[in-house]
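# here you go, sequence then predicted model.
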2 protein chains.
Amino acid sequence: MPFSSKEPLRIGVVLFPGFQALDAFGPLDCINVLSRTEPITLSLLSTTLDPVPTQSPDLPSTTSQSILPTHTFATAPPLDILLVPGGRGSRGSKPPVSEAITFIANTYPTIKYLITVCTGSGLAARAGVLDGKRATTNKLAWREMSALRPEVEWVARARWVVDGNVWTSSGVSAGIDVTLAWIGEVFGKEKAQGIADWIEYTRHEDSEVDPFAELYGL
Amino acid sequence: MPFSSKEPLRIGVVLFPGFQALDAFGPLDCINVLSRTEPITLSLLSTTLDPVPTQSPDLPSTTSQSILPTHTFATAPPLDILLVPGGRGSRGSKPPVSEAITFIANTYPTIKYLITVCTGSGLAARAGVLDGKRATTNKLAWREMSALRPEVEWVARARWVVDGNVWTSSGVSAGIDVTLAWIGEVFGKEKAQGIADWIEYTRHEDSEVDPFAELYGL
């Protein structure tokens, strides 16, 4: 286990308007439970300290939830782990998306692990940090995402992919599976299964079994 | 289907400090996707308009996320559906928990559906609205929850239970399953499965299959 139990694990989450709620809160719920026994500091990062809505400016969903960042990208503390959710708002190349991409590019060389969920791998890919690496992404957005950066070795059939210190997952709820798998790697399998049981979650335990790649003909 | 496609469905969510993140955001993610095609209004309700943290005042978890209510219990608009998450903070009988219980008791007679997740059924039970009804709850907190109100017909082995207009689910991630089942009932099975596929979620489709009741010896 690469972390001493006395040294807090410093986790940061990249937020932007139009992030997918479950992309962030699936992993965060696992981390909240983990933090009952392991010392963890959590930073919720965005362009400003304004509340960040799940609603994307370009999509007419009528429901939205807003969460409070704890830091801006400019005031982010040193981090061990960066978690990048996806969502409708991850598209385009204007701020705040461009600022999230710049933050990922600048931060990746300093962290121990990068975890992406869903189209969050599109942001990481555009930051250049997946170049030459195997990675996966949301299966319904597969063609759009995999076209963003041909330097990435995109893997279509995977619930999640690990390459070095980069863990990328498939869409939305797959973020729970990649987070539990990562907790299993860092804190032990028993801890990960304990959290899965605590949240009454039936895990995907095999990273290579991906019913949604099949469903969407990939 | 009891709702016309032109009339917005008015959903309210009860929030309190120490709500379990995934209890709320599993169902909310499904509702956010649903709201791309169906007219829905969403109210996030709490005692005040202050941000509501997932961290419970009495538990030393080190990570927390805060979300913004849109209304207080006193200013809540008329609702069709009330969603009640659980979490560590649902315990005790002081405000804000007592205020949430009073709100549920006062609102239940006016709504079309009540949906609870996890220990949220403990709040509904204490509000008296589950009396004489079959209901389930979190399986790790089973004994504590089922002792709260003997007038409820507690069902130990169930991913979720439907009795009349009340839908209660098992712990945390079971909230996704009960929400998808409820969407299937109200908007049709195809719509529910479409959302499950969109969020790449492998559903529990049988409400009576409950691996966690078994795991915890219930």
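That came through fine. Numbering: from 1, shown residues only, chains lettered A, B, ... in the order given.
# endpoints of stretch A:14-26, how far apart?
For stretch A:14-26, the first and last residues are 14 Å from each other (Cα to Cα, to the nearest Å).
# and it, does that touch chain B?
Yes. For stretch A:14-26, a contact with chain B is found by Cβ under 8 Å from any Cβ of the partner chain, at A:20-22, A:24-26. For glycine as for every other residue, the C-beta is placed from the backbone atoms N, C-alpha and C.
# for chain A, which spans come out with low pLDDT?
Within chain A, the ranges that satisfy pLDDT under 70 run A:1-5, A:60-61.
# okay, buried residues for stretch A:24-42 please.
Under the neighbour-count criterion of 16 or more other Cβ atoms under 10 Å in any protein chain shown, stretch A:24-42 has A:24-35, A:38, A:40-42 buried.
# show me how far it is from its chain's centre.
Remark: stretch A:24-42 is offset 13 Å from the chain centroid, using Cα atoms, centre = their mean, to the nearest Å.
# residue A:139 - how many residues pack around it?
For residue A:139, the neighbour count with other Cβ atoms under 10 Å in any protein chain shown is 27.
# can you tell me the closest non-neighbouring residue to it?
residue A:212 (4.4 Å; Cβ to Cβ, 6 or more residues apart in numbering or on different chains).
# give me the neighbour count for that neighbour.
Counted with other Cβ under 10 Å, residues neighbouring residue A:212 total 25.
# distance check, it against residue A:177.
Using Cβ to Cβ, to the nearest Å, residue A:212 is found at 12 Å from residue A:177.
# and if you look at residue A:78?
Distance check for residue A:78 against residue A:177: by Cβ to Cβ, it reads 28 Å.
# which of those two has more neighbours?
Using other Cβ under 10 Å as the criterion, residue A:78 and residue A:177 rank with residue A:177 on top: 26 against 10.
# contact partners for residue A:201?
Neighbouring residues of residue A:201 by Cβ atoms under 8 Å, 6 or more residues apart in numbering or on different chains: A:176, A:180, B:172-173.
# tabulate the residues you listed in a markdown table, adding columns for distance to residue A:155, secondary structure and neighbour count.
Below are these laid out as a markdown table (distance: Cβ to Cβ, whole Å; DSSP: H, G, I helix; E, B strand; the rest coil; neighbours: other Cβ atoms under 10 Å in any protein chain shown):
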| residue | distance to residue A:155 | secondary structure | neighbour count |
| --- | --- | --- | --- |
| A:176 | 19 | helix | 29 |
| A:180 | 19 | helix | 26 |
| B:172 | 29 | coil | 27 |
| B:173 | 26 | coil | 27 |
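# residue A:9: which of those residues is nearest?
Comparing the contacts of residue A:201 against residue A:9 with Cβ to Cβ places residue A:180 closest, at 15.5 Å.
# identify the residues contacting the residue lying closest to residue A:70 once chain neighbours are set aside.
Of all residues not flanking residue A:70 in the chain, residue A:44 sits nearest, at 4.8 Å (Cβ to Cβ, 6+ apart). Going by Cβ under 8 Å, 6+ apart, residue A:44 touches A:12-13, A:15, A:67-71, B:65.
# buried subset of those?
Among those, those scoring as buried are A:12-13, A:15, A:67-70, B:65 (criterion: 16+ other Cβ under 10 Å).
# picking up where we left off before, so which of the residues of stretch A:14-26 next to chain B sit within helices?
Within those, residues falling in helices by DSSP state H are A:21-22, A:24-26.
# one step back: farthest-apart pair in the contacts of residue A:201, please.
Between any two of those, the greatest separation by Cβ to Cβ is 12.9 Å, found for A:180 and B:172.
# contacting residues around residue A:132?
Listed by Cβ under 8 Å, 6+ apart, the contact partners of residue A:132 are A:151-153.
# going by distance to residue B:195, which of those wins?
Checking the contacts of residue A:132 against residue B:195 with Cβ to Cβ, the nearest one is residue A:152 at 28.4 Å.
# immediately after the host helix or strand of the residue nearest to residue A:70, which helix or strand?
Assigning secondary structure by DSSP states H and E places residue A:44 in strand A:40-46. Following strand A:40-46 in sequence order, the next helix or strand is strand A:52-53 (DSSP H and E).
# for stretch A:104-115, what is the distance to the chain centroid?
The chain centroid and the centroid of stretch A:104-115 are separated by 12 Å under Cα atoms, centre = their mean.
# can you check stretch A:148-158 too?
Counting by Cα atoms, centre = their mean, stretch A:148-158 comes out at 16 Å from the chain centroid.
# now swap in stretch A:114-127 and tell me
7 Å.
# only C-alpha atoms, please: export that stretch in CSV.
C-alpha atoms of stretch A:114-127 as CSV (Å, rounded to 0.1, in the frame of the first residue of the first chain):
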residue,chain,number,x,y,z
LEU,A,114,-5.5,10.0,-12.0
ILE,A,115,-9.0,8.5,-12.0
THR,A,116,-11.5,9.5,-14.7
VAL,A,117,-15.2,8.6,-15.0
CYS,A,118,-17.2,8.6,-18.2
THR,A,119,-16.4,11.4,-20.6
GLY,A,120,-13.9,12.7,-18.0
SER,A,121,-11.4,10.7,-19.9
GLY,A,122,-12.1,13.1,-22.8
LEU,A,123,-10.8,16.0,-20.7
ALA,A,124,-7.8,14.0,-19.6
ALA,A,125,-7.1,13.0,-23.2
ARG,A,126,-7.3,16.6,-24.4
ALA,A,127,-4.9,17.5,-21.6
